[in-house]
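1. only geometry, no sequence info:
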């Protein structure tokens, strides 16, 4: 099944995330002869990142700098290429995205790193020690990503290896203190993942999660706003995931907080929506439809509503759910096979008009839902 872009799953187990297991180790806590000392009681690493790289990559570099603090007692330093401060020349980590980072592209041009094994691939990265990567640095650990998440995963790989759990915040997992950290002279390449989209579905989140979020974040207004979601985005990425179906019980991801959509894209999270939430719109937004939520009697009102969803999500990584279900996850009283065919044809026309004329380039999730004496639920992710 490796590399397949079609996945079936049943009931609510359709996606899950687990901590990375069996990753190749390139960092140690004892001297290793030819390695590079990255940190200790008297030393913290400097992470050099191109200021023109993805914002999500720069953000992750700051996370990793803080992770060194969790292990060493003092945070690492992030130095951007547009900084006027003098960069450190010892204990250097250079991280960047191929084609987006001059730091990485210059090393490729100088034949100091080989990215042929990851270039153009999905969510892949390579890391290795490089001698004299720049005129002022004798040795550095270099991480090159094939794309935004490739670089992000390469950076978080460091965090995991030095002992910071992806669950450090959600489960209060402590980090073991270290006196020294070394990078071994080992080249590591990972990716692309065998399953293209991997993530979390916050289904039936009320009352447990919603009650906790209201008490913890105390932001007023909607329960699940951007301060909550940035924590969810981070743990997904630390677990090498990339996908989220947001809370839906009484929530509207894009409408509850205008920061939610842009932040997901900034972090590098692909957004989707459940079986009952077509075209990147929450079920609880259906009250905004002009007229009833009924295809046969109000096709124009429902079509306009769906178009607005595509327009809002345009430019962000999104898997669009297509199909149509009744309000509040109930069956639609008037829906039949010909009407459903018309729904999907209209939805794909909207996607071609709004997102891309190349329909096959738009990730879509086709929902097939049957309700009988015993409910059954199946998903087909078509990518």
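-> All right, it came through fine. Because the structure is a prediction, the values reported are computed rather than measured. Residues are numbered from 1 along each chain as shown.
2. what sits against residue 88?
-> 46, 77, 79 (CB atoms under 8 Å, 6 or more residues apart in numbering). Backbone N, C-alpha and C define where each C-beta goes, glycine included.
3. in the stretch 251-383 of the chain, which segments are predicted with low confidence?
-> Across the stretch 251-383 of the chain, residues meeting the criterion (pLDDT under 70) sit at 368-383.
4. Residue 220: which of the contacts of residue 88 is nearest?
-> Nearest to residue 220 out of the contacts of residue 88 is residue 77 (CB to CB; 36.0 Å).
5. So which residues of the stretch 251-383 of the chain form helices?
-> With DSSP state H, counting those that start in this stretch, the ranges of helices along the stretch 251-383 of the chain come out as 253-256, 260-267, 299-313, 337-354.
6. Out of these, flag the one nearest residue 127.
-> helix 260-267 (21.4 Å).
7. okay, the angle between the closest one and helix 299-313?
-> Interaxial angle of helix 260-267 relative to helix 299-313 (axes from the mean of the first three to the mean of the last three CA atoms, to 10 degrees): 40 degrees.
8. Which strands or helices does helix 260-267 pack on?
-> Secondary-structure packing of helix 260-267 (3 or more CB pairs under 8 Å, 6 or more residues apart in numbering; DSSP states H and E): helix 55-72, helix 226-238, helix 253-256, strand 270-271.
9. Mind doing that once more with 10 Å?
-> Under the contact criterion of 3 or more CB pairs under 10 Å, 6 or more residues apart in numbering; DSSP states H and E, helix 260-267 touches helix 55-72, helix 148-162, helix 226-238, helix 253-256, strand 270-271, helix 299-313.
10. Including distance to residue 42, could the ones you listed go into JSON lines?
-> As requested, the helices and strands packed on helix 260-267 are exported to JSON lines (distance: least, CB to CB, whole Å):
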{"stretch": "helix 55-72", "distance to residue 42": "10"}
{"stretch": "helix 148-162", "distance to residue 42": "17"}
{"stretch": "helix 226-238", "distance to residue 42": "28"}
{"stretch": "helix 253-256", "distance to residue 42": "46"}
{"stretch": "strand 270-271", "distance to residue 42": "42"}
{"stretch": "helix 299-313", "distance to residue 42": "49"}
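11. Can you say which of the ones you listed is packed in most?
-> Counting by mean count of other CB atoms under 10 Å, helix 148-162 has the highest mean neighbour count of these, with a mean of 25.
12. about what we covered before: do you know which of the helices of the stretch 251-383 of the chain lies nearest residue 102?
-> Smallest distance to residue 102 across those (CB to CB): 21.2 Å, for helix 260-267.
13. List the buried residues in that closest one.
-> 260-261, 263-267 (16 or more other CB atoms under 10 Å).
14. Report the contact partners of the residue lying farthest from the centre of the chain.
-> Largest separation from the mean C-alpha position in the chain: residue 297, at 38.9 Å (CA atoms, centre = their mean). Contacts for residue 297 (CB atoms under 10 Å, 6 or more residues apart in numbering) come out as 291, 334.
15. and if you look at residue 252?
-> Residue 252 makes contacts with 222, 224, 246, 260, 277, 281-285, 287-288, as judged by CB under 10 Å, 6+ apart.
16. what about the closest residue to it other than its chain neighbours, distance to residue 239?
-> What sits nearest to residue 252 in space, not counting adjacent residues and going by CB to CB, 6 or more residues apart in numbering, is residue 282, at 4.1 Å. Separation of residue 282 from residue 239 (CB to CB, to the nearest Å): 25 Å.
17. Residue 149 now?
-> 12 Å.
18. where do the contact lists of these two overlap?
-> Residues within reach of residue 149 and of residue 239 at once, by CB under 10 Å, 6+ apart, are residue 156.
19. about what we covered before: need the helices of the stretch 251-383 of the chain in TSV with distance to residue 216, can you?
-> Below are the helices of the stretch 251-383 of the chain laid out as TSV (distance: least, CB to CB, whole Å):
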stretch	distance to residue 216
helix 253-256	16
helix 260-267	17
helix 299-313	28
helix 337-354	37
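20. of the ones you listed, which approaches residue 27 most closely?
-> Of all those, helix 260-267 comes closest under CB to CB, at 24.5 Å.
21. Please produce JSON lines containing the contacts of residue 88, extended by pLDDT and neighbour count.
-> Below are these laid out as JSON lines (pLDDT from 0 to 100; neighbours: other CB atoms under 10 Å):
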{"residue": "46", "pLDDT": "97", "neighbour count": "20"}
{"residue": "77", "pLDDT": "97", "neighbour count": "18"}
{"residue": "79", "pLDDT": "97", "neighbour count": "20"}
